[in-house]
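A.B. asks: Sharing a model that was predicted from the sequence below.
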Amino acid sequence: MQRKIRVGVIFGGRSGEHEVSLTSARSVLKYLDREKYEVVPIGIAKTGRWLMGPGALPALESRLDTNVVPVSLLPDPNTRQLVAVAEDQIPEVMQGELDVIFPVLHGTYGEDGSVQGLLELANLPYVGAGVTASAVGMDKAMMKGIFAAEGLPQLPYLVFKRWEWENEEAAVTRSIQEELGFPCFVKPASLGSSVGISKAHDEDELKQAMDIACSFDRKVVVEQSAPPCREIECAVLGNDQPLASTLGEIIPSREFYDYEAKYVDADSQLIIPAQISEAATQRVRELAVRVFTAVDCAGMARVDFFGALEDESVYVNESKTIPG
C-alpha cells in the first residue's frame, strides 16, 4: 500500500490576522482528502510559539495547550522533521518526516516570505509562492510598483513613510489632496484582511486614517477611490502555466469591504459567477494571470479587481498569495 503524503498545515502566527488564519485553517483541515494525505496540524501562537499535534487548532482558539507539543523547525536541510522543545516529548505525531508544508498564514511573519525563507533553509517543500513573490505580495507599495512597470491598469496612488507623516503632515496632506483628491483609501502597506484600512472623505478623516495606518506600519499607501464599481475576485492556480477561475463578486455590507464586512457582519454577499459581461469576464481573467506572472507567484493566489459600472473598465486592486 502506498504511503500517504504527510502534509504539515501551519496556521495562526504573530500577525494581526491571526484569527483570520484560524478560520482559513479550519476549512483546509476539514477538506484535505484523508485518503491521500496524512495531515499534521502545526499552530503558531500569537507569542510565536509553535505547537504540533491534533489539538493545535483548538489550543490556539482556546489558548489552552492541550494535546499539543511545543516544537521548533530547525534550518537544517538534512531532516524534514520538527524538533520537540522538551526532549522527553516525542509523541507519535512527530515520528516520520514531513513531505510538504501547507502554510495557511496571513500577514506578517507568515505570508510575507518569513516562513517561506525558513522552509527553504530547512529544504522543506511548501505550497504557494516563494520568498520573493510572498514578500512582494505582502507589500502593497512594492506590488503596485511592479504592476505599474508591467503596464497593468490600476488607480492612482501615493506612498508615504511614517516619518514623513509625523514630520511633514501638511505637505503630505497637500500632495494627497492635489494628486488624488477625496474620497481616498488609506492602507498600511503590509497588512491584509483590510486591517487598518480607512476611507477618507475629507481632511479630518484623512488625518485619522493616516494615524491609524501609521500605527500598523511604517509605510502607507494612499489610493484614489474607484468610480462606482463592482468588487471582483479571481483565483489563479498553477505554476508555469497558471489558470484563472470563475469570477466572484463581492457585495459588502458596508461602504467598502473592510474587516467587519469581511469577517463580522453576516450581510456581505459573494456572488458566483460575477454578474458582468463576457468581455469583462475575459478581461479580468487575463489580467489575473498577468498579475500572477508579474509577481512570480506559484501554486495559488487571489487577485482582486474593481470593475467600473459605467463602462466596465477594469482596475487591478491587489493580489494575495495566501488568500483567506
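C.D. replies: That came through, no problem.
A.B. asks: Number of residues surrounding S277?
C.D. replies: Applying other CB atoms under 10 Å, we find 11 residues neighbouring S277. In this view, the C-beta of every residue, glycine as well, is placed from N, C-alpha and C.
A.B. asks: Same check on A209?
C.D. replies: 22.
A.B. asks: before we move on, what about L51?
C.D. replies: Based on other CB under 10 Å, the number of other residues close to L51 is 23.
A.B. asks: Next up, identify which helix or strand it is on.
C.D. replies: Using DSSP states H and E, L51 falls within strand 50-52.
A.B. asks: list the buried ones in the helix or strand following that strand?
C.D. replies: Later in the chain than strand 50-52, the nearest helix or strand by DSSP H and E is helix 56-62. Neighbour counts using 16 or more other CB atoms under 10 Å place A56, L57, P58, A59, L60 of helix 56-62 among the buried residues.
A.B. asks: any idea of the mean pLDDT for the strand holding L51?
C.D. replies: On average, the pLDDT along strand 50-52 is 91.
A.B. asks: again, but for stretch 68-84
C.D. replies: Here the average pLDDT along stretch 68-84 is 85.
A.B. asks: got a list of contacts for it?
C.D. replies: Stretch 68-84 has contacts (CB atoms under 8 Å, 6 or more residues apart in numbering) with 8, 42-43, 49-53, 55-56, 59, 85-86, 89-91, 93-94, 96-99, 118-119, 121-124.
A.B. asks: all helices of the stretch 151-300 of the chain, in order?
C.D. replies: 162-167, 169-179, 203-216, 259-263, 278-294 (DSSP state H, counting those that start in this stretch).
A.B. asks: Was I right to think P103 contacts Y126?
C.D. replies: Yes: P103 lies in contact with Y126 (CB atoms under 8 Å); the separation is 6.1 Å.
A.B. asks: Find the residues that touch each one of these two.
C.D. replies: Counting by CB under 8 Å, 6+ apart, the residues touching both P103 and Y126 are Q116, L119.
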